[in-house]
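> sequence plus the predicted model coming up.
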Amino acid sequence: MCRPGRNTAYDGDVVITKAQHNITPLASAEPVTENPRKGILLRILSGFLFAGMSICIKAVSGDIPVGQIVLFRSAFALIPLVIFLWIRTEFPRGLATRRPLGHLLRSSLGAAAMFASFASIARLPLAEATLLTYLSPTFTSIAGVLLLSEKATIWRIGGVVLGLTGVVVLVWPELGHQDMDAGRMWGYIWGLLMGILTAFALIMVRNLSRTENPGSIAFYFVIASMIGGIATVPFGWVMPDWYALTILVLAGLFGGFAHIAMTLAFRHAEASLLASFEYLAILWPVLADLLLFDMPISSAFLAALPLVLAGAALAAVDGHKSRSLR
């Protein structure tokens, strides 16, 4: 069981220092084993694996429907997740819950965020879709003020202003064209929706983490995502060839092992130390666009990058200060 205030994160593919993947690190009551170097390496590895997952999703998004991708990503991520929980003696007993409706709401929000995220990846360069995930702390700050009556500090206001300014900078060139690319605009819309849904999911994770095992939060999120994926069958699925099937399986395995690597990182180093390595993860999508997908990096992305990352950093500083005062 995770004790609030230590390394409690948000949640599967979101948490409070790891908002961009809607993932709940499976923290426990065990004390942190201080090994910062190992924790940093595991955090970098988790970012690399998450990037591998996104690359796989991008690679098949032109041929495989989003709902089908969500199912494969969730189903094959469940395999390493269940093994990990079983090794830690948290499966199946750790899945017991006294708040099924809370899990239902949180898991539904997380699953919807995953759909929106994958739809954004399908329509945008991977670097731009990934950059939009860094807006989650910004939207979480707004949700905290509106829903939880949290104080609107200067750090929080600054983070929101910088983050939203970054979005305007990123999208503005597209708005200025008469021959606006509708698919690209929908990619931005899906990315923004992902950030909003993730923010609400994180608020729910904060609430659930007070009484629920983090393993159960992650498990039910994956199950809800699988159900959501299956529900899209009537809208048309395709029979993947062996290449696409392999990529889909890898997407799920990369996501599952990335989740575990992040969990282990939080066991070896404090969240405050690992937070700065969140921003290294943007490097992998940039390289993927240049080397794998032959997509140039736009000037709008380069201009928006420091604004969005600075906004996320200020939101993280505000969250750290708030927790320090408790």
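Yes, it's here.
> how far is the least confident helix or strand in the chain by mean pLDDT from where the chain is centred?
In the chain, no helix or strand scores lower on mean pLDDT, DSSP states H and E than helix 271-274, which sits at a mean of 73. Chain-centre distance of helix 271-274: 17 Å, with CA atoms, centre = their mean, to the nearest Å.
> mind giving me the packing neighbours of the following helix or strand past it?
Downstream of helix 271-274, the first helix or strand assigned by DSSP states H and E is helix 283-291. Judged by 3 or more CB pairs under 8 Å, 6 or more residues apart in numbering; DSSP states H and E, helix 283-291 is in contact with helix 36-60, helix 126-133. C-betas here are computed from N, CA, C, even on glycine.
> kindly recompute the last result at 10 Å.
With contacts taken as 3 or more CB pairs under 10 Å, 6 or more residues apart in numbering; DSSP states H and E, helix 283-291 sits against helix 36-60, helix 126-133, helix 299-324.
> export the least confident helix or strand of the chain as CSV, just CAs?
The C-alpha trace of helix 271-274 is given here as CSV (Å, rounded to 0.1, in the frame of the first residue of the first chain):
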residue,chain,number,x,y,z
ALA,A,271,10.6,12.0,-6.8
SER,A,272,12.1,15.5,-6.5
LEU,A,273,15.4,14.1,-7.9
LEU,A,274,13.8,12.2,-10.7
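> can you give me the buried ones in it?
Within helix 271-274, the residues scored as buried using 16 or more other CB atoms under 10 Å are 271, 274.
> three-state assignment of residue 152?
In three-state terms, and counting by DSSP: H, G, I helix; E, B strand; the rest coil, residue 152 is coil.
> secondary structure element for the nearest residue to it once chain neighbours are set aside?
Nearest residue to residue 152 in three dimensions, chain neighbours excluded: residue 145, at 5.1 Å (CB to CB, 6 or more residues apart in numbering). Per DSSP H and E: residue 145 is located in helix 136-148.
> could you give the angle of that helix to helix 299-324?
Angle, helix 136-148 to helix 299-324, by axes from the mean of the first three to the mean of the last three CA atoms, to 10 degrees: 50 degrees.
> so for helix 136-148, what's the average pLDDT?
Average pLDDT, helix 136-148: 81.
> just for the stretch 101-250 of the chain, where's the confidence low?
176-180 (pLDDT under 70).
> the helices in it, which residues?
For the stretch 101-250 of the chain, the helices defined by DSSP state H, counting those that start in this stretch occupy 126-133, 136-148, 154-175, 182-208, 214-230, 242-268.
> if I look at the residue nearest to residue 61 when sequence neighbours are not counted, how far off is residue 72?
Spatial nearest neighbour of residue 61, chain neighbours left out: residue 122 (3.6 Å); criterion: CB to CB, 6+ apart. Here residue 122 is placed at a distance of 14 Å from residue 72 (CB to CB, to the nearest Å).
> tell me which of these two has more neighbours.
Neighbours of residue 122 and residue 72, each counted by other CB atoms under 10 Å, are more numerous for residue 72; the result is 24 against 21.
> still on that earlier bit, assess the claim that the residue nearest to residue 152 and residue 138 are in contact.
No - look at residue 145 against residue 138 with CB atoms under 10 Å: they stay out of range, at 11.5 Å.
> let me see the contact set for residue 305.
Applying CB atoms under 10 Å, 6 or more residues apart in numbering, we find residue 305 in contact with 127, 128, 131, 134, 166, 169, 170, 279, 282, 286, 297.
> list the contacts for the second one?
By that I understand residue 128. Neighbouring residues of residue 128 by CB under 10 Å, 6+ apart: 120-121, 170-171, 184, 187-188, 191, 285-286, 289, 295, 297-298, 300-301, 304-305.
> again, only using 8 Å
When contacts are counted by CB atoms under 8 Å, 6 or more residues apart in numbering, residue 128 touches 170, 187, 191, 298, 301.
> same thing with the last one?
Contact criterion CB under 8 Å, 6+ apart gives 125, 127, 286, 289, 290 as the residues in contact with residue 297.
> let me know the closest of those residues to residue 40.
Nearest to residue 40 out of those is residue 286 (CB to CB; 20.6 Å).
> skipping adjacent residues, who's closest to the closest one in space?
Closest residue to residue 286 apart from its sequence neighbours, by CB to CB, 6+ apart: residue 127 at 4.6 Å.
> what's the answer for residue 244, then?
Nearest residue to residue 244, sequence neighbours excluded (CB to CB, 6+ apart): residue 60, at 5.1 Å.
> repeat that for residue 144.
Excluding its sequence neighbours, the residue lying closest to residue 144 (CB to CB, 6+ apart) is residue 150, at 4.0 Å.
> how about residue 82: what's its closest non-neighbour residue?
Here the residue nearest residue 82, using CB to CB, 6+ apart, is residue 91, at 5.7 Å.
> quick check, that neighbour in contact with residue 213.
No - Residue 91 lies out of contact with residue 213 (CB atoms under 8 Å); the separation is 10.1 Å.
> between the two, which has more neighbouring residues?
residue 213 (23 against 17).
> so what's the closest residue to the more buried one other than its chain neighbours up against?
Nearest non-adjacent residue to residue 213, counting by CB to CB, 6+ apart: residue 94, 4.5 Å away. Counting by CB under 8 Å, 6+ apart, residue 94 touches 85, 213, 215, 216.
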